[in-house]
Structure formats: C-alpha cells, structure tokens
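Engineer: heads up, no residue letters with this:
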C-alpha cells in the first residue's frame, strides 16, 4: 500500500510525484511485539516516544522541486539508493540538494532482496556490490564538498563504479567518510518485504553469544574482518586471504538472510523451514498459522518483519544520527538567514534588538509562547474543499465540495503558531529596516496536522513541527516567510536543481472558455512550486516544466482540477539559444573572420560599430550558472516576471506591469526611449518602477555637470528592475525530536552578528571560487579574447547572463581601422554615404577617417567602463580607477572648442547629455538584442561584443540632434545599437545552441541493439558504456538534444520490449556545429553535402530547427511555395 501517494497517477505509475508529510510517534524497541505496543498507555508513549515529521519526496528528476521544498523544512534526510541500480542521475540531484541546504544525511541501501531473487548473487558478491554503492555515494558527496565538478552531469560522468572500486581502499584510510555502516548511519533494507537492519542490531544479537562487547563487535561487522577460530580474536583479512575467509558482515548478516530466502525455491517446504528459523531466533510473536500461509512469499515477509522490523532500523537510525531541531538550527541558521541590508546600520537600538531577538529565537528553535513566531512556507498545496475537516460546531462548508482550497505547507522555526493569529507575510526581498512596506498582514484560518492524504485540525503548533496552514491562498503564491512581528529577517529563497526546459502552449477547445483557462493557470502556478507560466506576444499561454513527466502532470491537473475544460496542447516548444562560431569547439571547420557592422542613428549624428566574438562554452556556462553569485556583486537583479498582471508575485504581492507605475507614466526625460523602444525595454526586463529617477536624473539637456563618473554611474547603474527572487531548495527528509524537548539540545543565543557574518563569508567564498574558476578558463583562451574580456562592461540579457559587452574605454578606435571590405553598413543612408566615400577615396581627395564614416568631422566617444570585469576578477581596482579617470565626456570635442569662447560651458553641458544618451542607448540596445537574437528571436548565449561610437559633424549641441523630428536621442541610439548587435551576430558565422540532456539508460544485454538504434535516431552522443558488476545490465551515458528527447521513454520501451529504461537530467548548452546559411556552390560541395547543405538527401538541420521556431512564432520563413512544377497535359478538356 502506497499510503503517501494520494494521486491516482502516482498509484498507477508507481512513483511519487508530490512530496507529502506524515507525523509519526515512534516508540523505540516496541516493533517486535504487538502486545507490548498495546500495553503502553498514551502517557507512556508520549514519555518514551519521539515525534518524527516524515516528508516523502519524489525520486524522479522531473520532480526535484518537490525535494527542494521538503529539504528546506527538514533537519535531516534519508537518502534511499537501489542496491541493484546503484547511484543514478536522480541520486546525484538529491545529494546536491541536501548538501546545498546544509542538512545531515543517513543512507538507506534498499532492495537487498533483488540481489537474492533477481540478480542471484552470493552473499560475498552482494557484500562487494553494497560496498561499491556506499563508496560511490561517498565520492559524490566528496566531489560536491571540494567543488571539483561544476555541474551534476560532470559528477555523474566523472564518478563511475569502476573508479569507485579503484578508490575504495584510499577511502577506507580517510579519517572522516560521510556514510560508514560501523558508525550507524547506513541501513540495509527491503522496503517491499518490510525489513531493515543496521550493523548495531546484529552486534547486539551476537555479542553475548560470541563473548564480545556490542560496541566492539559493531566496529568489526563492516569491513574486511574475521574472527580467528583459535584465538577468538578479530583479525583483518589480508589481500591474499580474501578468497579464503569471509568477512563478518557476510557470515553474521547476509548468510542468514540468504538462508531465509531459500524458502522461495521451488519444492521447498517453507512452513518447516520458517518454523525452524523462528524457533532459533526466538520469534515467539509469530504464530504458526502465519508461517504456514499458502503463499511462501507472504509467510517469509511475516517472519522477516518480526525479526528485523523496518521501523526500528530506519527510524532508530534517524533518532540516533540526525540532529533534533535545536541542534540543527544552530548549524543551519547562518545559511537560512541572509545578511542585513546596509540600511540597517541606521536603525535604532530598540529595533536592532528586536531583530536580533527574532534571529536568536530561530537559532535556538525556541518553543516559548512569548518568543517571536517565525514560519517558512515552502509550497502551496491544493486540496478539495471536502477534505478540509470542519471545526467543532461548524454546520457546513462555505465552498463547493469539489472546489480546490490552498493550504500553506510549512514549518514553525520559532515560537508557537495559533489558529486565528495575525501574521506578517514577508517576501525574500523584505527589508526589516523598513517594516511599513513590502509585506502583508493576514489572519491564519486553520492549522492542520498533515497525515498523508488526511488532515486533522490543531489549535496551536510549537516550533520544530511541520504543518498545513489555511487562509493564505490569496497572500502567498509559492513560498514566503510568516512572522508575528515585522522586525524579522525573511528566510533565504530555496535553490532548485533544474530549469523549466520543456514548454507547451495551451488554449481552450472552445474560445468562450478562455477566462476559465486563465483562472486555471493561475491556480496551477500556485499549486506547483516549479511550473513556469508565460504569456507570449501572440497571446499564447505557455507552460514550462522540468521534463516530460512533469509536463504531463501539469496538463492533467489543469484539465481535471483547475480549469476543468477541454484543452488543445501544442507540440513541445523547445528552448534554443543563439551564438557564433567558436573555433575551439569545431577544430575541423574553418570560418571567415567576423565582420564589423556599422549603424547610424536616424538623425545621422551618431555612428556605432559592433563586432561579435564567440565565448568558449565553459566560460559561458560558468557565467550562466553563477547568476546568484554575480547578482549582488553587479548590484542588479532578475526582472520580475509578471506572467499574470494583478496576481500575487511569488512572494505574495501583486505584480504590476512596469509601464503602469506612476514613475514610468510621468513626464519622460528628454532622452527617454520612444513608445516602441519602451515596449521592447519592457520585454527585455530593463524598465523598472522608478525608471524616471534612473534615467531622468542624468540625461536632461539642462542638467548640472557633476562629472563624467557620476553621470556614468547613474546612467547605467540603476537601469534594472526589482525582482522576485528565484524559488529553490532540496531533499526528502525526516526531522526527529522528542515531544518534550530537554535543555540538552538548547544553546545560548548568538545574536544577529554570527548569522550575518556567516552568510557574508559564504557569499565571499562563492565569489572567490568563481574568480578562480574563471581565471583558469580565461588563461587557456585566446589572448585576444582574454584582452577583450578584461574590458567587460555589461552582462546580458537582463543584466545577468552569458553574454558580454566590452567597453571602449581603452581609447583606441580599433573598429574604425578595419579594412572597408570587412564593414557591413546598415540602412539606405549608410549605403549612399558609403558609395560617396568610396568615390572620394578613389579620387584621393579624402583622409582615412573621412572615407570610413562618410563625414568630414567625427568625435570618438569612449563608451563604458570595465564594471563587470572588476567583480569577475579580470581587472584590479587600480586599473578600473585609471579607466574612470579617462572618461571625461567627449574630451576630443573639448579640445576642438575654444575654452575662451562664450559657448564653451554650454557645449560641455550638452556633451554630457550626448555622452549619457549614447551610453544608455547602447546599454539598452545590448540588453534588447541579447534577449531576442536575429535567427529565431531566442536569447543569445556565449557572445562577446565590442562596440565603439563616434559623433558625426560635431553634433554635441542639442539643436543638431533633431529630437523633435526623430524622437529622443537615446531612443535613436537604442534602435541603431540593437540592429547593429543583431546584425553583428549574423556576420560572425552564427550558430544555433540547443539544450543537452544527460541520458542514462539501463538495459539488458539482449536489448542493446534497440537502445543504440533509438539513440542514433535522436542524434545522441554516447559517452560511455559499462556493465554493472554481477549482472547482465548495461549502463549507457549519452548526451541527448532536448529537441529530440520527447517520446524517448515510449520509444525506448517499444524498441527494447520493456528491457530498457532511461533517465534524463539537464546538462548544458551546446553549439550545433552546422552553419544555418550554408549553401553548396561548387560541384564538390554539392556532391559532399547535398543540395541542402547537410548531407546527401538531408536537410540543413540548423536551418530546419530555426524555421520551425520562426514558423511557431509567426516570423518570416523563407521557403519556396512550389518546389518544382510542370504543365499538366493529361486532363481532358471538357466544354
């Protein structure tokens, strides 16, 4: 019976999809006898028992977000590993989640019975297999701790079972290993048959009989130890003696189990064998009737459950090894509570004391009723209204019985939460130094003890317990912190291990039901902690999920529970990226050097030149994965994704469109973007509620001169949006504690300073580690690329991303010195000026600078500072200061103007306006271009742009900008820069970038041919193949494109007759090394590549994928309507 799997699809598939909680009162050493359990009074159970809040979370990688929500609420975790399949992809994800969440773990090696009945291993072979599994898990955790692997996929490939065997002896010599059976943190189990044991149980069983102390025997029960028959002493088995002696674990633990399972052999008298074994083990609680059951399997289960009860082994291990809430919070508080903002320095002493008291209560897990109450909600759970238990005296249910009601699933971290209490809902961005804003007050409407699918009402819940909270459905979207006082720091957001890579568009079968779909999507977004909902420009409602199974679950919930309408679901929408050719990743290909793209503003006053370069894949992946570390360093944040305007944000507050804010709708500054540009900015996430303050304060024509540094800092330092922090977290867990916690687990309050310093140190370590990794990667890169990255000004898209904009602060106008045939000019005006310049140059009547621009006077502008290079560790502070001193606005122009003239001061003020307009325009154009590339409007990835700008004809005066005709000058620069960046990508040998899954296939040897056929059809790159020891099961690792991953499980099952199963985990982004615009021209090329440029009879793959995305988005697709046509002459002409 799968009691905690309350969904029909969970029961049908046999997997857990949603994490669910149950509270257990465990009384040690009573599972052997039912009579002993019944003899205990409720008072005795409360006195002797332990309350364990157990959260069962999924093991499938598609539902890793459910593991994150469970890990945040837990003090410890039980990691379950299959003894036959070993460490799989999902095991890596769970271990990383638990490690990041700083929770202590115990290991359960499950399905030991399969080694006996299916694999047919001997006890000695099973011992070696279990030993390798434990060693593999330990090496995975050690890899996380030493940060040897950047991603989970690297760890999966780096730590194979063969390497686990080679390093086994070295691991045994280490002083501290995470999981060691002799320490009591490893259990061996068969959950299906209902038994489990630790080495301590067998040590207590054999100690008196063998004349050893239980503690000494426990230390020898795991490892290569034996008992000498003559001296009766424990001795280590030497390497050359392993074939002669058996370890104690094999003799005392495994061989009796193997003997018990012999009753399942054909022709065995299971009743006699089991009765004899029960007599020798003194199992008086097992009746002869139960042992004589006609089904030998059922009789065996009865005997094993009485001999080795699973609850005593697993829950007993959790009680001994995992910390109680007070001990756990002493270690986890610095990780859970972020540092106070700088504004906290100005707080009064009373306010600081209140904040420190709240932090101290969390760290001590105080159950004092007078202590501040703090609760963290990790997710919202949708339950039918009929499942909510009524209050005493309540006559009916206010809502319809089939209507969904949301309960907040959380944990009390300090104080006591009471039914009807008023609490403050605090988002992660909440600042306790400003308690009057950015939070809500709401009344709790019901507290519930969650018992799987059942609910029980509670009057109050003390700290350390998991619960369900009613009445918060309108205040919390996904997760939040609840507190009885506004002077409380919110807990840090959770960390998710996956990305919503699989997307589909949904629409109602009947257009009149569109509003029901929108309402259903809002409920789905609140019920699932990881689903991502987006409204496309075309009006499509898009659902993003972690994988195919997760997507099926979301669609099923939307159709049957939330919207309750018929839906039309589009084919999967796969996310792509756009990049340029990287020679280091395709050594067999040769490409032309990138060209320089030149674009001019509409008024002809400014010309921008851009050139694109490729960023190596490891560097781009590092920048993308380190967004959370770089965000505070670059003083920016992710844009708030207002998928449903007017609905609560992920932290309980209404999300308003940036354009609707009062600041943005006020009188725009002179250099504000035009209406079309502002819409593009909103799409790219560049506008914020205080847009007028960030741009208008520094770009007016009559603004006072405050120096170039102040102008530059304000022009691009504030152009970001406020964000809703990402929701993230980790593993399945159990948090044991006594109903009455004694003072032994409590500790003195350390106050706010320790937590703040710990979190700051952790953030500093993360940045230092990022800088070291980046320095190693840049050292191996091309010297020109290294010099270019040292001028990094901005990252994009959305201010944080894998693309870099290099500043031109070096003062060298390199892009204006390239040969004319390497320049691509945009626009009709450019074409005319280029032709005129070429004619003049042929006559020899112009200078080099005039021939390049088509103008007689031009002034170079040094754009940007290496602001991004400094936190990345690519330049030091002295070099950044030196570059800022060179940033006097339009210094070349100031030399042209006579200082003694009366127009000098006015010209300098106007030049500051032009300088800031050009800088802000180029910055906005870069963010817009990297958000939607030219190939198929997908974000760019791994591209470095170098940009330079000049003013034509000395147009520093606002009278010559013609803003009344062409609009604000910054908007003109934004439009020209955006076009230049997009075209520069096309002129640098563009490449499509696709997401790659790490695919792990487990298959029998007879199905290998079918598995390789499926992988070959789906463009998979097989990395390694190995046979699992002691079985005929092969494990295959391959990289599989996300675009070709849909339907893999069904296809694999059909081609292998059910003998193969596949698991997928998002690994990385990879450039598709196919030129989408390659057209064979010579006879040799046509013969080698075919007419389509990919192969004989094969269409250009990159072009086909691009056209597919463009067609879906409604963009122009170049395709012949008629491929070939001839006049039809066979039809009869009828008059």
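Structural biologist: Perfect, thanks for sending it. Only a predicted model underlies this, so the values are computations on that prediction, with no experimental measurement involved. Residues are numbered from 1 along each chain as shown.

Engineer: quick one: average confidence on the helix or strand harbouring residue 217?
Structural biologist: Using DSSP states H and E, residue 217 maps to helix 214-220. What helix 214-220 shows for mean pLDDT is 87.

Engineer: chain center to it, what's the gap?
Structural biologist: How far helix 214-220 lies from its chain's middle: 43 Å, per Cα atoms, centre = their mean, to the nearest Å.

Engineer: do stretch 125-141 as well
Structural biologist: Centroid separation between stretch 125-141 and its chain, computed with Cα atoms, centre = their mean, is 28 Å.

Engineer: what's the helix holding residue 217 in contact with?
Structural biologist: 182, 184, 199-200, 203-204, 206-207, 210, 234, 248 (Cβ atoms under 8 Å, 6 or more residues apart in numbering). (C-beta placed from N, C-alpha, C; glycine too.)

Engineer: In strands, which of those residues fall?
Structural biologist: The strands, defined by DSSP state E, take in residue 234 from these.

Engineer: are any of the contacts of helix 214-220 buried, and which?
Structural biologist: Taking 16 or more other Cβ atoms under 10 Å as the criterion, what is buried in the contacts of helix 214-220 is 182, 184, 199-200, 203, 206-207, 234, 248.

Engineer: tell me which of those is nearest to residue 799?
Structural biologist: Residue 799 lies nearest to residue 184 out of the buried ones among the contacts of helix 214-220, by Cβ to Cβ, at 49.2 Å.

Engineer: among the buried ones among the contacts of helix 214-220, which one has the lowest pLDDT?
Structural biologist: Minimum confidence in the buried ones among the contacts of helix 214-220 sits at residue 234, scoring 81.

Engineer: Pretty sure that one sits against residue 221.
Structural biologist: No - with contact defined as Cβ atoms under 8 Å, residue 234 does not count as touching residue 221 (9.9 Å).

Engineer: hey, what's in contact with both of these two?
Structural biologist: Residues touching both residue 234 and residue 221 (Cβ under 8 Å, 6+ apart) are residue 248.

Engineer: List the buried residues of the host helix or strand of residue 137.
Structural biologist: Counting by DSSP H and E, the element that carries residue 137 is helix 123-146. By neighbour count on 16+ other Cβ under 10 Å, the buried set for helix 123-146 is 123, 125-144.

Engineer: likewise stretch 773-783?
Structural biologist: Under the neighbour-count criterion of 16+ other Cβ under 10 Å, stretch 773-783 has 773-774, 777-778, 781 buried.

Engineer: how about the helices of the stretch 1-150 of the chain, start to end?
Structural biologist: Secondary structure of the stretch 1-150 of the chain by DSSP state H, counting those that start in this stretch: the helices cover 8-13, 34-39, 42-48, 64-72, 89-100, 112-117, 123-146.

Engineer: err, the stretch 501-650 of the chain, not the other one
Structural biologist: Secondary structure of the stretch 501-650 of the chain by DSSP H, counting those that start in this stretch: the helices cover 514-527, 548-557, 617-625, 627-634.

Engineer: Export those helices to JSON lines and append columns for mean pLDDT, distance to residue 267 and mean neighbour count.
Structural biologist: Listed next are the helices of the stretch 501-650 of the chain as JSON lines, based on pLDDT from 0 to 100; distance: least, Cβ to Cβ, whole Å; neighbours: other Cβ atoms under 10 Å:
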{"stretch": "helix 514-527", "mean pLDDT": "92", "distance to residue 267": "54", "mean neighbour count": "19"}
{"stretch": "helix 548-557", "mean pLDDT": "89", "distance to residue 267": "43", "mean neighbour count": "20"}
{"stretch": "helix 617-625", "mean pLDDT": "90", "distance to residue 267": "59", "mean neighbour count": "21"}
{"stretch": "helix 627-634", "mean pLDDT": "81", "distance to residue 267": "63", "mean neighbour count": "18"}
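
Engineer: quick revisit: got a markdown table for the helices of the stretch 1-150 of the chain, with mean pLDDT too?
Structural biologist: Formatted as a markdown table, the helices of the stretch 1-150 of the chain follow (pLDDT from 0 to 100):
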| stretch | mean pLDDT |
| --- | --- |
| helix 8-13 | 79 |
| helix 34-39 | 63 |
| helix 42-48 | 79 |
| helix 64-72 | 88 |
| helix 89-100 | 85 |
| helix 112-117 | 92 |
| helix 123-146 | 87 |
